[in-house]
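**Student:** no sequence on this one, just coordinates:
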């Protein structure tokens with residue numbers, strides 16, 4: 001139950017990030033927003049670890065696990081880089097829709113590589129959920145504008161998202177979810193900060209001032225909740241379940257945008273939300289009970 005509560009918190013935080021990030025990136029820029037959000041999350045995670053566990057959380061993991069955590073952060077930087085480059089090369093609709101291919105990659109990896117048991121109902125409901133995402137993002141309402149390089153980059157990032165979830169799961173056997181999130185957030189924050197300073201998006205003084213912006217502070221808090229909830233969920237919940245649950249985040253984002261930014265909710269978006277939520281409910285209600293095993 002704790003793991004599913006953590007997953008719910010992660011999905012809720014991720015969904016709420018969207019409308020806040022939309023306004024923040026318009027004002028501060030993508031690179032500055034990413035730098036402040038990730039570095040604030042890293043500081044919050046570090047403070048919590050030091051206050052509640054002292055140095056024990058840093059001493060427990062093996063050198064191999066630290067290597068995995070650095071790999072997780074490096075893959076996270078690569079994912080963000082691919083996504084940012086893709087945005088400049090292909091349409092936003094393509095980015096929003098193709099990024100959800102991470103669910104299909106997770107199912108393939110689960111079934112054929114990592115041998116996680118997948119219910120038969122998922123093979124029906126997962127495409128329905130993806131169709132709901134297509135309606136929610138407007139993918140089916142607009143003409144398809146293909147760009148091989150941009151679309152390939154976003155598909156690559158989707159694959160890396162799925163793969164990274166398995167590495168997080170492996171690292172979670174030996175390390176605290178907060179420590180995994182700390183290293184991930186730090187590496188991403190440093191990468192965004194370096195990029196922002198290199199391209200001259202903000203000077204050092206202006207960058208420091210952004211750490212006091214209310215919207216960026218809130219993004220840092222939400223990112224912290226996401227890292228902790230997501231990493232905690234992956235410790236015990238199958239990866240494909242976690243990635244499917246993350247499809248609910250656009251629903252949260254759509255409702256938050258409607259409530260906070262006065263964004264419209266046309267029938268197509270409502271239909272997309274209904275398909276996503278209905279399919280998620282179907283997977284939960286029709287999921288077969290796990291077989292009990294005796295011995296190993």
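**Tutor:** Looks like it came in fine. Bear in mind that the values here come from a model prediction, so they are computed numbers and not experimental data.

**Student:** which strand or helix spans the residue lying closest to residue 172 once chain neighbours are set aside?
**Tutor:** Distances taken as C-beta to C-beta, 6 or more residues apart in numbering put residue 235 closest to residue 172, at 4.3 Å, once the chain neighbours are dropped. Where you see a C-beta, it was placed from the backbone N, CA and C, and this is true even at glycine. Using DSSP states H and E, residue 235 falls within helix 214-236.

**Student:** before we move on, the earlier item: gap between the residue nearest to residue 172 and residue 65?
**Tutor:** Going from residue 235 to residue 65 by C-beta to C-beta, to the nearest Å gives 13 Å.

**Student:** all the helices of the stretch 1-150 of the chain, residue numbers only.
**Tutor:** 2-28, 30-53, 56-59, 63-89, 92-98, 101-112, 120-137, 148-171 (DSSP state H, counting those that start in this stretch).

**Student:** nearest to residue 179, out of the ones you listed?
**Tutor:** Closest of the helices of the stretch 1-150 of the chain to residue 179 is helix 56-59, at 5.2 Å (criterion: C-beta to C-beta).

**Student:** what is the mean pLDDT for the closest one?
**Tutor:** Here helix 56-59 scores 86 as its mean pLDDT.

**Student:** do you know the pLDDT at the closest residue to residue 286 other than its chain neighbours?
**Tutor:** Among residues not flanking residue 286 along the chain, residue 121 sits closest, at 4.7 Å (C-beta to C-beta, 6+ apart). Predicted confidence (pLDDT) for residue 121: 85.

**Student:** was I right about the residue nearest to residue 172 contacting residue 171?
**Tutor:** No - look at residue 235 against residue 171 with C-beta atoms under 8 Å: they stay out of range, at 9.7 Å.

**Student:** burial count for the nearest residue to residue 28 once chain neighbours are set aside?
**Tutor:** Distances taken as C-beta to C-beta, 6+ apart place residue 210 nearest to residue 28, at 5.6 Å, with adjacent residues excluded. Per other C-beta atoms under 10 Å, the neighbour tally for residue 210 reads 22.

**Student:** still on that earlier bit, so residue 235 and residue 171 - more neighbours on which side?
**Tutor:** residue 171 (28 against 17).

**Student:** if I look at the more buried one, how far off is residue 153?
**Tutor:** 26 Å.

**Student:** pLDDT on stretch 218-229, on average?
**Tutor:** The model assigns stretch 218-229 a mean pLDDT of 96.

**Student:** check contacts around the residue nearest to residue 172.
**Tutor:** Residue 235 is in contact with 3, 169, 172, 173, 177, counting by C-beta atoms under 8 Å, 6 or more residues apart in numbering.

**Student:** burial count for the first one?
**Tutor:** Think residue 3. The local packing of residue 3 (other C-beta under 10 Å) involves 16 other residues.

**Student:** could you measure from the closest residue in space to it that isn't next to it in sequence over to residue 83?
**Tutor:** Leaving aside its sequence neighbours, residue 3 sits nearest to residue 236 (C-beta to C-beta, 6+ apart; 4.5 Å). Residue 236 is 28 Å from residue 83, where distance means C-beta to C-beta.

**Student:** comparing those two, which shows the higher neighbour count?
**Tutor:** Each of residue 236 and residue 83 has its neighbours counted (other C-beta under 10 Å); residue 83 has more, 19 against 13.

**Student:** quick check: the more buried one vs residue 155, distance?
**Tutor:** 11 Å.

**Student:** in the stretch 151-296 of the chain, where is pLDDT below threshold?
**Tutor:** Applying pLDDT under 70 to the stretch 151-296 of the chain flags residues 201-204, 287-296.

**Student:** swap in 90 and give it another go.
**Tutor:** Residues of the stretch 151-296 of the chain that meet the criterion pLDDT under 90 lie in 151, 196-213, 247, 249-251, 253-266, 268-269, 279-296.

**Student:** do the stretch 1-150 of the chain as well
**Tutor:** Residue ranges of the stretch 1-150 of the chain with pLDDT under 90: 1-2, 18-19, 21-32, 51-57, 59-60, 83-101, 111-126, 130, 132-150.

**Student:** how about a cut-off of 50?
**Tutor:** For the stretch 1-150 of the chain, no stretch has pLDDT under 50.

**Student:** which residues does stretch 253-271 contact?
**Tutor:** With C-beta under 8 Å, 6+ apart as the criterion, stretch 253-271 contacts 15-19, 22-23, 132, 135-136, 138, 140-141, 273.
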